[in-house]
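Q: generate coordinates for the sequence data below:
(chains A, B and C)
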Amino acid sequence: MLLLLIILLPLLGFAYLGLFGKGLREPLPGIIASTLTGISFLLVVAALFAGGGSWEIKDWLPGIPFSLVLDHLSGYMGLVVTGVGFLIHVYAIGYMHGDEGFSRFFAYLNFFIAMMMTLVLAGSYPVMFIGWEGVGLASFLLIGFWYTEKKNADSARKAFITNRIGDLGFLLGMALLYSSFGTLSISGLREALESSTVLPLSLGLAGFLLFVGAVGKSAQVPLMVWLPDAMAGPTPVSALIHAATMVTAGVYLIARSSFLYANLQDVSYFIALIGITTAAYGALSALGQWDIKKIIAYSTISQLGYMFLAVGVGAYWIALFHVMTHAFYKALLFLASGSVIHALGGEQDVRKMGGLKKYLPRTHLHGLAGALSLAGFPLLAGFWSKDAIITATLNYPFGGIGLYVAGLTVAFLTAIYAMRWYVLVFLGEYKGDAHPHESPSVMTIPNDVLALGAVFAGFLALPKPFWNLIEPFLAPVLAHVEVHEMSLGMEWGLITLSAVVALTGLYLGYLAFTRWALPKWYLTFQTWSENAFYIDLVYNVLIVNPLKELSEIWALLDGLLDSGYLALAGLSGWLGEKLAWLQAGYVRVYGALMVLGLVVMLVWGVLR
Amino acid sequence: MIHVLIFLPLLFGVWALVAPQQARPVGLLGSLLTLIVGLLTFGAFLGGNDFAYHVPLLGEAGIYYAVAWDGVGAVLMLAVVTATFIALLAAHDVPPAMVGLALLMETGLLGLLAAQDLILFYVFFEATLIPSLLMLGLYGGAGRVRALVKFAIFTLVGSLLMLAGILAARYLGGAPSFLLSDLTAHKLGGAAGVWAFSAFLIAFMVKTPLFPLHVWLPDFHAENHPSGLADVMGTLYKVGLFGLFRWALPLFPSAFALFQPWLLALAAFTAIWAAWIAYAQTDWKRLLAYGALSHMGIGALGIFSGTVAGGVGAIFLLAASAVYTGALFLFAGGLQRRFGTLELRPTSGLAKSAPGLAALGLILVLAMVGLPGLSGFPGEFMNLLGAWQASPIWTFVGFLAVIAAAAYALTAYQNLFHNAPDKPASDLSSVEWWWGSLAVLVILFMGVYPKLFTEVLVPSAQALVGLLGGGK
Amino acid sequence: MTTLIILFAVALLATFAGFFAPPRSVKIVTLLGMLTALVGLALTWGDRATAFGGLYVADAFSQAVTLVMVVGAILALLADCGYFERKGWPAFEYYALVAFAVFGGHVMASTAHLGVLIVGLEILSIPLYALAASRRDAAGYEASLKYFLLGAVAAAFFLYGIALYFGSTGSFVLGATGKGLVFNAAVLMLMAGLSFKTALTPFHWWTPDVYQGSSTPVTLFMATVVKAAAFAALARVLVAVGLTGPAFYAFAAIVLLTVFWGNLTAMVQGEAKRMLAYSSVAHAGYIAVALFGPNPAPAMGFYLLAYALSTGLAFAVLAELDDGAGVPLEKLAGLWGRSPLLALGWTTALLSLAGLPPLIGFWGKYLVFVEAAKNGQYLIVALALFAAVIAAYYYLKLLAVALFGKPVKAEPVKMSGSAPLGIALAAALVLLLGVLPGIAYGWFSAATVLIK
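A: Numbers count the residues shown, from 1 in each chain, chains lettered A, B, ... in the order given. Next up, the predicted model:
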């Protein structure tokens, strides 16, 4: 019941604010929503200390229970969701100040938390799917929060539809698992898998289909196109949903299903490939963006790619470690950006920023901490988790040296674009015409907390010989994989190498974007990168538009079918006309026809 | 009580017809009482009472007035009484006779759900056509006669052929009566079974509807009275899936086994074809018609899978869609009232001036999209699980509609409610508030706690699927 | 015997009363007589009586058919009133002719002797030739003459059939055994002769022209009474000789031709009476389907009653709309607004004719199809049902015009006299017996087509 409460509280907030929020005065809706999320956080903590728990309705659907489970994995993820969620709620009280949809915004945010916690606490795939689609809806609502702009509404729809493609994979994966094992309960499946010696051949397909779901939700290649557009939503949304929590649901799904993927070498390798491809694509695209949020959005795609690289090679705990550190520094980066946007009255173009270090000292520190953590500056949170991923490509079962080199290269790019973001926003001269002012403390205090996390969270899991709290914590709920042991020297050598790479990247980035005149080839690259390599265009031309055109054509064909039936009806009418023509009105004709009829009968019936 | 339930609406329907000035209160009272009796019946059914009753109608000919509730019938019965009440609540400005006709239809629908005798089923099935035709003909739009003739001819082609099939099922099969139990004990196989099954199939494919016998549907909805009352009743009248599941498949399992691969393909094709076309529509009712058609394709996948999960899913989907599709038609009726047109985009940014309407619309649209937690999901999901066991490929093809649904539904929704505000309109009226929240409650309940319904559907589906002989 | 006497007495009474009483009184006398006949039927229901050395056999089947005829006659009498009053035709002969025709029909239905059969046939037919001209205009005379001339041809077929029958079996009584070429020819010729009166294709040619040309109550009478009597005779002949061999194929061809021909041509008509005339051709085909079954009498009786009530109702409505020049479809337009009772009657009648439950027409169709199905004639059943779809189209067209069409002139229809009573009664029966078909079926279930 306690578990249900974790979900119900924010849901209650959603219902209350949705129905009656309009009558509440600012900032009451924000306070209500934040409090409920905060309580949920405390409940997760309490439940963890109580040793977890579970709750279920048997046969919610025939053979499928509605089950919630709080174990170390869901507890860990739940802490990140409600914890970061709480901070962002608080931040939003300041950020959304004066917006006419203030209470609606918090209603949606609470709805998101409820759905995300459903996803996290799910003990069976269908329940996870409820949360999965629920957060998709929340994302739709929040991206399109300022719906009067066509661009925002379109982005919201794009996100939802793209996610649906992945969801279809998830659905079909469930169907396949159900038909093979007769259950969709995660623990049930785990037992079934562990007890059966022969694995069904279809298992690989099931793993692949579930992964398709993850690709959609976590914006991996090729379904990554919705995430940059999702920045149309208010910045706290970008921080909460499109950086820290929802988009990592795919990683969570794979980690939850690690018992499945640990047996699927090919699929795992495929996941790793998709992961590293996405990481590279995101990093390259981030380099050319001019929108302060889009840079971070592409960076998110790239970082998610790292997480998939990790789960792909079998390093499930490392992926979750990165989920947490990323939640801290990416939420921080977004909120710092939000702070900047807030300060500049809505300006998002980094070319009209610069020099904000002077005007926004606290936000500058937040930005710096976030950017350095992202870049993998030694000893910061991002450094430890990312390094763990890159190293894991060498010693975890499904990795390889190629992945290692690629991972390291992307880390280098990461450092460059992180520095570029920092330089363009905070260094140099201010190029805009607004009057920047520091944000209120309701916004800066949450950022302080996040900054602490971005700097120190990495110390929860250090390489040997130091302490590692996360791996043993998660080990009981993740699949056991054989890790190739590395010598300490080797390991620390690699760590040093990645530190050097990061520092080099940062330094080069600093030089490039403060001192150097950029060469011609870079400007060409810049254009490609700015347009994210024209993937959207290609999709529109090759897929979206033809689909739309076809719908018109099919509708036309459907009309033709209709006309076909009409013609059939016309045919019988025509036949009727012809027959009626025989009814000429002359008795002699009638008499003749009668005699003819009789003669035919007699000839055919009697004389044949 | 089963007779009370079936004939109560008839009584009130006649009352509403003879006292047109009181049609509104009579209609509300009648449908409310029916709803209450329906709920009580369902409660008693959960307690194990199936209300079976049995008396010869044309004794020597083996025709009985035999009625009873089984799980499938009871769940759909709830959908009928609920949707009818919501529709009559919503349709406050319809011509009085329409109220009476709607109640007459309700009796027909309840009767055909309860009938345990094939001829009795047929009688109710056909009789329901009459008020439906009258509603369309008397109160429809400019193209109503064309739509009416198309609707009637398609229905009659199917059902008259089915009559031949019915006779064959009994007299060739050698059953002593038309009771379901007798007919299934004397199944007709062989070539005759194939022919008779084809006749049933055509009848129910018209009424599901499935490609290529669906062309009456868009016109039917587009031309009906704009209030949406007739559309709701018409939606309830789409009992093809029920007919297939309860009658056609159990009577002719061998013929079904022969056709099954083709039928699955047809169902999948209908699902994706209709959803795709829905995107190109420019009129709310046509869009909803194609959307509903696509859902019926999904449901047919479940039925044709010949699995318990698929059967449960299809019937659940049928019941759920009666409510949410019905509510969407009423919602479209509300738009017609506001803007005098059903075109998809009479204005834009409507959420600004009518946030309540926007919220209602969103919930209904999302139920149609099959969002978990709303009533569209459990049925769709069970269909998926069942259909996959029969044919993964066709399941995949059919469920592509899930993506398409998001596209057409959200596009239509956003075109109206989002983007820059244009002409404003009034928000929910009190009548809309009442029926809207009732519909939303039902949709939420069915989505959050489907167990109540699936629990009674499963035994009944197991029995029916058991008659197919596969025993999956 | 009772029924025979009552009907004959009514006919005589109507004839003589006409000399000194006004037509209105004659009508009432005839109506009362018909009601007496109903009572007589009820009292002797199920009794088997023979007279005249077996020439006259009143059995359950003849009673069933007579019931239908009396009901049809009552409807015709009720429907005539306003029509004739409006037209100002003094028409006491009308009632006498009606009564004689019913008497003839009863004779026809109650004998297995071919000689008596043709006597009955002529007693039925000759009044009809006169009735067909009751409009006393060119169209009426043309109708009458056509009916008479073609009727003569058919009578010739029939007589020639009798001669051959006697030649091959040595008997005038149905049920005599015979085979061979001459016998087959005899059967086919008898079949052809009776197919004329029942209006089966290709002997139906008179139907549309005569139905359209006669005054509407007469049309009603023809569609109900004549059809019933003729089918009684046809059933006796065909059951007696057995539908096998050439007779089977010939009759199957006739039936299928009839249902399609009737329905297809009805579809393209522009005048309501003519459309219903073609529809009556089609319905003759459906009734004939019963003859393919093992015991056609109950189904046939039921169908005849259902058809008499439904089509009688339809014609009764048309009688109110017909000002002597027929009822083109436009005249029906907006009937709902002009007279709800007529519209209701019209709707009930057409839906019943189309065979939609819960109206009596559905059960009629159902029973005849079951009959054929019992003998495994599924091809005939399926094809006949398919033709019914075409029928549904034009019934709907007629219905749609009346209910949903825009009226040319919106003035209400004036009804007078007994017409509303007749319409309400018939509509109520169509619905009631449709909901509880067991009642009507009970009347016919004992009937069998006995030969002796």
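Q: rest of the way, CA atoms for contacts and neighbours
A: OK.
Q: neighbours of the closest residue to A:F459 other than its chain neighbours, how many?
A: Counting by CA to CA, 6 or more residues apart in numbering or on different chains, A:F459 lies nearest to A:A381, which is 7.1 Å off, once chain neighbours are set aside. A total of 32 residues lie near A:A381 under the criterion other CA atoms under 10 Å in any protein chain shown.
Q: quick check: A:A381 touching A:G453?
A: Yes: A:A381 is in contact with A:G453 according to CA atoms under 8 Å; the separation is 7.5 Å.
Q: overlap in contacts of the two?
A: Common neighbours of A:A381 and A:G453, counting by CA atoms under 8 Å, 6 or more residues apart in numbering or on different chains, are A:T325.
Q: and the residue of chain A closest to chain C?
A: A:G576 (4.3 Å; CA to the nearest CA).
Q: distance check, the residue nearest to A:F459 against A:Y252.
A: In this structure, A:A381 and A:Y252 are separated by 20 Å, where distance is defined by CA to CA, to the nearest Å.
Q: re earlier: next helix or strand past the strand or helix carrying the residue of chain A closest to chain C?
A: Element membership for A:G576, per DSSP states H and E: helix A:545-582. Past helix A:545-582, heading to the C-terminal end, the next element that is a helix or strand (DSSP H and E) is helix A:587-605.
Q: that next one vs helix A:545-582, what angle?
A: Using axes from the mean of the first three to the mean of the last three CA atoms, to 10 degrees, the direction of helix A:587-605 lies 100 degrees away from that of helix A:545-582.
Q: what lies in contact with helix A:587-605?
A: Among residues not part of helix A:587-605, those counted as contacts by CA under 8 Å, 6+ apart are A:583, C:146, C:149-150, C:153, C:184-185, C:188-189, C:192, C:202-203, C:205-206, C:246-247, C:249-250.
Q: buried members of the residues you listed into PyMOL, please.
A: The command below creates a PyMOL selection of those among the contacts of helix A:587-605 that count as buried (16 or more other CA atoms under 10 Å in any protein chain shown):
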select buried, (chain A and resi 583) or (chain C and resi 146+149+150+153+184+185+188+189+192+202+203+205+206+246+247+250)
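Q: ok, back up a step: hmm, the helix holding A:G576 in reach of chain B?
A: Yes: contact check for helix A:545-582 against chain B, using CA under 8 Å from any CA of the partner chain: residues in range are A:548, A:551-552, A:554-555, A:558, A:561-562.
Q: if you rank those residues by neighbours, which is first?
A: Tallying neighbours with other CA under 10 Å puts A:S551 at the head of the residues of helix A:545-582 next to chain B, with 21 neighbours.
Q: does that residue touch B:I272 like I think?
A: No: the criterion here is CA under 8 Å, and A:S551 misses it with B:I272 at 10.7 Å.
Q: coming back round to it: which residues are in contact with the residue nearest to A:F459?
A: Each residue near A:A381 by CA under 8 Å, 6+ apart is listed here: A:325, A:373, A:453-459.
Q: can we see that at 10 Å?
A: In this structure, A:A381 makes contact with A:321-322, A:324-326, A:328-329, A:369-370, A:372-374, A:452-461, judged by CA atoms under 10 Å, 6 or more residues apart in numbering or on different chains.
Q: what mean pLDDT does the helix or strand harbouring A:V311 get?
A: With the criterion set as DSSP H and E, the secondary-structure element containing A:V311 is helix A:292-313. Per-residue confidence for helix A:292-313 averages out to 94 on the pLDDT scale.
Q: now do stretch C:445-452
A: The pLDDT scores in stretch C:445-452 average 66.
Q: and the contacts of whichever strand or helix holds A:S187?
A: A:S187 belongs to helix A:186-195 when assigned by DSSP H and E. Surrounding helix A:186-195, the residues in contact under the criterion CA under 10 Å, 6+ apart are A:67, A:69, A:122-126, A:128, A:177-178, A:180-185, A:199-200, A:203, A:256-260, A:263, A:479.
Q: ditto for stretch B:170-178
A: In contact with stretch B:170-178 (CA under 10 Å, 6+ apart) are residues B:59-64, B:66, B:116-121, B:165-169, B:179, B:181-189, B:192-193, B:196, B:251, C:370, C:373-376, C:378.
Q: got it, and stretch A:558-575?
A: Contacts for stretch A:558-575 (CA under 10 Å, 6+ apart): A:552-557, A:576-581, B:150, B:153-154, B:211-216, B:273-274, B:277, C:261, C:263-268, C:390, C:393.
Q: give me the buried subset of those residues.
A: Among these, those buried by neighbour count (16+ other CA under 10 Å) are A:552, A:554-555, A:576-577, A:579-580, B:150, B:153-154, B:211, B:213-216, B:273-274, B:277, C:261, C:263-268, C:390, C:393.
Q: quick one on the thing from earlier: among the contacts of stretch B:170-178, which lie within strands?
A: Among the contacts of stretch B:170-178, the ones falling in strands (DSSP state E) are B:63-64, B:66.
Q: isn't B:S31 right up against B:L89?
A: Yes: assessed by CA atoms under 10 Å, B:S31 is found in contact with B:L89 at 8.9 Å.
Q: residue nearest the centroid of chain A?
A: With the centre of chain A defined as its mean C-alpha position, the nearest residue by CA atoms, centre = their mean is A:V247, 2.7 Å away.
Q: if I look at the residue lying closest to that one once chain neighbours are set aside, how far off is A:G428?
A: Across the structure, with CA to CA, 6+ apart as the measure, the residue nearest A:V247 apart from its sequence neighbours is A:S218 (4.4 Å). As defined by CA to CA, A:S218 lies at a distance of 35 Å from A:G428.
Q: who's more crowded, the two?
A: The residue with more neighbours, out of A:S218 and A:G428, is A:S218; 30 against 16, by other CA under 10 Å.
Q: contacting residues for that one?
A: A:S218 touches A:163, A:166, A:212, A:224, A:227, A:242-243, A:245-252, A:300-301, A:304-305, A:307-308, counting by CA under 10 Å, 6+ apart.
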